[in-house]
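Peer 1: Prediction below, plus the sequence it came from.
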Amino acid sequence: MSDATDRTLRLTLQLRLNDFDVLGHLNQAVYHELLEQGRIGILTALGADSNRYVLARVELDYRREIAATVREAILETSVEGYRRSSIRLSQRVLRPDGELAAEGFTVLVGWDGDARRSRPLDAAERAALAEWIVPAAA
């Protein structure tokens, strides 16, 4: 399930039994898979092709455990801003009860697959991004 209100894309994502480690909590690698779904989701909402971007940075702070008894997580993704060739996204992983499990940001860079290098964002991309910008929390 997804919801794009208040310029934040919200996805409810199902968790699988093998997403949890031997300690009984969501494996740290799975958080990054969830974040990827959010990045693809927001690019789709912007009308962009996710294959035209590469991941340049991820910063993630873990706040609360998601235990093996939990079967879904809520992912929030919003656009903090953009520069000449990059987009900064804010991302949060919430437990079903609304408690924050992890938060951070990612940076995507426009990618020219033929030249195998970064590319500037075009006018249409910048216009779409401008409509979705949510200022970063202070």
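Peer 2: Yes, it's here.
Peer 1: Give the next helix or strand downstream of the helix ranked longest in the chain.
Peer 2: Across the chain, the helix with the greatest residue count (assigned by DSSP state H) is helix 28-45. Going down the chain from helix 28-45, the next helix or strand is strand 53-62, by DSSP states H and E.
Peer 1: Wait, T77 touches I40, no?
Peer 2: No - counting by C-beta atoms under 8 Å, T77 does not reach I40; the two are 9.5 Å apart. In this view, the C-beta of every residue, glycine as well, is placed from N, C-alpha and C.
Peer 1: Just want to know which of those two has more residues nearby.
Peer 2: Counted by other C-beta atoms under 10 Å, T77 and I40 do not tie: T77 has more neighbours, with 27 against 16.
Peer 1: quick one: secondary structure of the more buried one?
Peer 2: strand (DSSP: H, G, I helix; E, B strand; the rest coil).
Peer 1: so what strands line up beside the longest strand seen in the chain?
Peer 2: The single longest strand within the chain, with elements called by DSSP state E, is strand 100-112. Applying DSSP bridges, strand 100-112 is found paired with strand 53-62 (antiparallel), strand 86-94 (antiparallel), strand 117-118 (antiparallel).
Peer 1: can you pull the buried residues of that strand?
Peer 2: Neighbour counts over strand 100-112 (16 or more other C-beta atoms under 10 Å) mark A101, A102, E103, G104, F105, T106, V107, L108, V109, G110, W111 as buried.
Peer 1: where does the protein dip in pLDDT?
Peer 2: 1-5, 136-138 (pLDDT under 70).
Peer 1: and with 90 instead?
Peer 2: Applying pLDDT under 90 to the chain flags the ranges 1-7, 134-138.
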